[in-house]
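Enquirer: got a predicted structure here, sequence first:
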Amino acid sequence: MRHTEKIHIVVAETSPVISSGFSFCLRRLPGLQAQTIETHTYPDLINCLRNNPVDIVVVNPNFGGAFAPQHLRETLETSDLKIVAIEISPIDRPTRSLYDDVVSIVEDLPSMAEKMRKLAIGTTESEPDKEPLSTREKEIITLVVKGMTNKEIADRLFLSIHTVMTHRRNIARKLEIHSATGLTIYAIVNHLVDLTEIKL
């Protein structure tokens with residue numbers, strides 16, 4: 001491996017103080033030559049990614065409302081883009097699972113450098129890809145977050161309650177989400193439901 005790796009990073013954050021701070025730190029990471037661009041709106045981010053070589057996006061999970069990494073990849077028609085969440089306040093596990101990694105505003109530079117290097121040059125020991133959800137499982141998630149019981153879901157989909165419970169166990173295993181709140185966040189971020197459809 002070369003002594004210094006060149007990495008192109010976009011920092012997506014509405015606060016100029018935070019984005020400038022991250023850019024400053026990223027350009028000074030030991031063993032890396034990071035080139036950074038700051039964007040402050042979602043349209044600027046899309047434009048930047050379409051017109052510049054970018055290895056990593058470092059983004060606030062609240063950027064543009066509720067940032068959806070998978071939606072960004074689909075918009076750009078790429079699966080290679082690495083997306084890292086900026087942790088300003090604690091990020092819950094379901095949200096963390098949507099990102100390739102997380103960097104905290106209090107993280108030291110050597111630790112941040114190691115994360116960026118691994119993401120940019122692909123030396124992470126990658127976890128096996130999560131098993132994709134079936135269409136039926138997505139349908140069940142949608143009904144769960146709308147507040148339906150297992151019996152109501154079974155009646156709606158013409159399934160047995162046992163089959164619904166099996167689907168729910170498989171969903172929990174695949175997503176590593178074991179609460180209704182976590183499923184709700186997942187469903188919103190992945191555009192399975194609209195906020196207006198959720199039973200509070």
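Expert: Looks like it came in fine.
Enquirer: run through who's touching the longest helix seen in the chain.
Expert: Ranked by residue count under DSSP state H, the longest helix found in the chain is helix 161-175. Residues from elsewhere that reach helix 161-175 (Cβ atoms under 8 Å, 6 or more residues apart in numbering): 94, 97, 130-133, 136-137, 140-141, 144, 150-151, 153-154, 157, 177-178, 182-183, 186. C-beta coordinates here come from the backbone N, C-alpha and C atoms, glycine included.
Enquirer: next secondary structure element downstream of that helix?
Expert: Going down the chain from helix 161-175, the next helix or strand is helix 180-189, by DSSP states H and E.
Enquirer: give the buried residues for that following helix.
Expert: In terms of neighbour count (16 or more other Cβ atoms under 10 Å), helix 180-189 has its buried residues at 182-189.
Enquirer: buried subset of the contacts of helix 161-175, written for PyMOL?
Expert: With 16+ other Cβ under 10 Å as the criterion, this PyMOL line picks the buried residues out of those:
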select buried, resi 94+133+137+140+141+144+150+153+154+177+182+183+186
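Enquirer: if I look at E176, how far off is K82?
Expert: Using Cβ to Cβ, to the nearest Å, E176 is found at 20 Å from K82.
Enquirer: which one of these two is surrounded by more residues?
Expert: Comparing E176 with K82 by other Cβ atoms under 10 Å, the one with more neighbours is K82, at 22 against 11.
Enquirer: report the beta-bridge partners for the more buried one.
Expert: Beta bridges link K82 to I56, judged by DSSP bridges.
Enquirer: can you pull the contacts of it?
Expert: K82 makes contact with 55-57, 100-101, 119-120, according to Cβ under 8 Å, 6+ apart.
Enquirer: and for I105?
Expert: Contacts of I105 by Cβ under 8 Å, 6+ apart are 18, 21-22, 86-88.
Enquirer: please check those and keep the buried ones.
Expert: For the contacts of I105, buried by 16+ other Cβ under 10 Å: 18, 22, 86-87.
Enquirer: take those and keep only those in helices.
Expert: Using DSSP H, the buried ones among the contacts of I105 in helices are 18, 22.
Enquirer: let's have the buried ones among the contacts of I105 in JSON lines, adding pLDDT and distance to I46.
Expert: Below are the buried ones among the contacts of I105 laid out as JSON lines (pLDDT from 0 to 100; distance: Cβ to Cβ, whole Å):
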{"residue": "I18", "pLDDT": "90", "distance to I46": "20"}
{"residue": "F22", "pLDDT": "88", "distance to I46": "19"}
{"residue": "I86", "pLDDT": "92", "distance to I46": "18"}
{"residue": "E87", "pLDDT": "89", "distance to I46": "23"}
